[in-house]
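Enquirer: here's my sequence, what's the structure:
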Amino acid sequence: MANYSDSFPYTIRDVDKHVGPVTLPNDEAAPVLTAGRTLIQLSHVVVRLEDRLLLHELGLSYRQMRILKHIHSGVTSATELGRIFGVTAPAVSETVESLVKKGLVTREPHESDRRAVKLDLTKQGAAANEKAHDLERRLAHEILGVLDEPEVDELLNLSTKVLVPSQENLISRRLNHQ
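Expert: A predicted model of the protein is given here:
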């Protein structure tokens with residue numbers, strides 16, 4: 001397996017060269033806006049780093065990896081994947097088709113609905129999913145390597161506090177727009 005530092009033209013430590021400082025007016029909302037913008041920038045950088053690592057190591061895009069993970073966890077239809085991602089089933093079909101062509105996913109007729117197709121991972125798909133988990137662990141260590149253990153614990157607590165209601169809001173919006 002390639003060395004992590006060889007996987008990208010830059011690492012998380014180089015981000016400050018690519019993302020300038022955020023400056024806001026001096027008012028009470030500035031810390032919340034600055035923290036929010038920083039969090040948004042971090043999320044974009046992490047997704048780009050993960051996407052590049054997945055492409056380099058597994059030949060998979062971030063979207064393909066997410067679909068593999070959901071199929072691994074029991075999601076078996078393009079319609080269900082579409083609901084999870086907030087897109088139509090035909091929009092998911094292109095990515096699923098690419099995974100089928102790579103030999104990572106199979107399409108089988110549904111047992112009880114002749115019109116439906118059941119998605120499943122092949123042995124190669126399950127192996128790719130496991131490798132993607134390993135890459136996630138490597139990336140997490142790279143990103144959080146600048147923090148000590150108490151800082152990691154604090155980040156986990158704070159990010160969970162923000163993540164849970166944000167996920168609930170996203171799910172609610174998706175359900176209300178369908």
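
Enquirer: next helix or strand past the worst-scoring helix or strand of the chain on mean pLDDT?
Expert: Lowest mean confidence among the helices and strands of the chain (mean pLDDT, DSSP states H and E): helix 15-18, at a mean of 48. Downstream of helix 15-18, the next assigned helix or strand under DSSP states H and E is helix 30-58.

Enquirer: so which bits of the following helix or strand past that next one are buried?
Expert: Following the chain from helix 30-58 toward its C-terminal end, the next helix or strand by DSSP H and E is helix 62-72. Using 16 or more other Cβ atoms under 10 Å as the test for burial, helix 62-72 gives Tyr62, Arg63, Gln64, Met65, Arg66, Ile67, Leu68, His70, Ile71, His72. Yep, even glycine has a C-beta here, placed from its N, CA and C like the rest.

Enquirer: from these, pick the one nearest Ile84.
Expert: His70 (6.1 Å; Cβ to Cβ).

Enquirer: was I right about that closest one contacting Arg83?
Expert: No: with contact defined as Cβ atoms under 8 Å, His70 does not count as touching Arg83 (10.6 Å).

Enquirer: and the gap between Leu39 and Val45?
Expert: 11 Å (Cβ to Cβ, to the nearest Å).

Enquirer: same question, Thr79
Expert: Counting by Cβ to Cβ - Thr79 and Val45 are separated by 32 Å.

Enquirer: try Arg173
Expert: Counting by Cβ to Cβ, the gap from Arg173 to Val45 is 25 Å.

Enquirer: among the two, which residue is more densely surrounded?
Expert: Val45 (17 against 11; other Cβ atoms under 10 Å).

Enquirer: let me know the pLDDT of the more buried one.
Expert: Per-residue pLDDT puts Val45 at 91.

Enquirer: try Ser93
Expert: On the pLDDT scale, Ser93 gets 89.

Enquirer: can you verify my assumption that it contacts Ala78?
Expert: Yes: the criterion here is Cβ under 8 Å, and Ser93 meets it with Ala78 at 5.5 Å.

Enquirer: of the two, who's got more company?
Expert: Ranked by neighbour count (other Cβ under 10 Å), Ser93 and Ala78 place Ala78 first, with 22 against 16.

Enquirer: setting aside sequence neighbours, what's the nearest residue to the more buried one?
Expert: Once flanking residues are discounted, Ala78 sits nearest to Ala89: 4.3 Å by Cβ to Cβ, 6 or more residues apart in numbering.

Enquirer: low pLDDT regions in the chain?
Expert: 1-29, 174-175, 177-178 (pLDDT under 70).

Enquirer: how much space separates the nearest residue to Pro109 once chain neighbours are set aside from Thr160?
Expert: Counting by Cβ to Cβ, 6+ apart, Pro109 lies nearest to Val117, which is 6.7 Å off, once chain neighbours are set aside. Note on Val117: its distance to Thr160, by Cβ to Cβ, is 36 Å.
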